[in-house]
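> Structure for the following, please:
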Amino acid sequence: MNPKTKLDKVNSNFPLWCKNFIKIVNNENKEVVFELLPEQAELIDGMQKNKHIIVLKSRQLGITTVVSLYYLWKAITIPKTTYLIASYNEDSTKGIGEKLKQMLYSMPEKYRPKIQRDNEYELKFGNQSRIIFKVAGNKDLARGLTFEGVLLSEFSLYDSDVQERAIASTDPSLAKNK
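Predicted structure coming up:
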């Protein structure tokens, strides 16, 4: 298999892409290859088949991590797509963004996408795809935007009125998405 064919194969398969290109800092503070846990693989499979996924879970299963990483993979491999990652407060939102960026910058430089913008609110790539980071609570969380994916992390920690506004503003933003 020639190098381009191998790269195309890796880029077309999320678990394979993770295993080949992504490292994560584990609980022992060591950078290790990212391999999906069974629960993460099941979630990603469900995301590929369903428009809405609600995950009721215990903590520390890496659900936010794997969904964020899945959006990163899609943003890198599908031009002109946009993804939203929101959480209940600024620290949580920044933490998700920082972890995602650590994984992005762990990629071998020759395979890392060109980055046009990298700040606390957005990652924008040379292929015009982007990932937006926002704190839920803004009634205009998704107004005027079209997303291929929305992650509302730690949704149970949102105030009830914020939960309603988040759903009301993000659901229409996914109208074009299967």
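
> Tell me the spatial nearest neighbour of L100, not counting adjacent residues.
S68 (4.6 Å; Cβ to Cβ, 6 or more residues apart in numbering). Just so you know, the C-beta spots here come from the backbone N, C-alpha and C atoms, and that holds for glycine as well.

> And F125, by the same measure?
P113 is the one closest to F125 (Cβ to Cβ, 6+ apart), at 4.6 Å.

> That neighbour - that's part of a helix, no?
No: according to DSSP: H, G, I helix; E, B strand; the rest coil, P113 belongs to no helix; its state is coil.

> who are the neighbours in contact with the residue nearest to L100?
When contacts are counted by Cβ atoms under 8 Å, 6 or more residues apart in numbering, S68 touches 85, 96, 99-100, 131, 151.

> Which residue ranges of the chain form helices?
3-11, 14-21, 38-49, 63-77, 90-106, 160-170 (DSSP state H).

> Tell me how far N89 lies from E154.
9 Å (Cβ to Cβ, to the nearest Å).

> Identify the residues contacting the closest residue to S92 other than its chain neighbours.
Nearest-residue entry for S92: E154, 6.0 Å, with adjacent residues in sequence omitted and distances by Cβ to Cβ, 6+ apart. Counting by Cβ under 8 Å, 6+ apart, E154 makes contact with 64, 87-88, 92.

> Now with 6 Å, please.
87-88, 92 (Cβ atoms under 6 Å, 6 or more residues apart in numbering).

> and if you look at Q116?
Contacts for Q116 (Cβ under 6 Å, 6+ apart) come out as 124, 126.

> mind starting the numbering at 277 from now?
With the count now opening at 277, the last piece we talked about shows up as Q392.

> any idea how far L332 is from it?
Separation of Q392 from L332 (Cβ to Cβ) stands at 37 Å.
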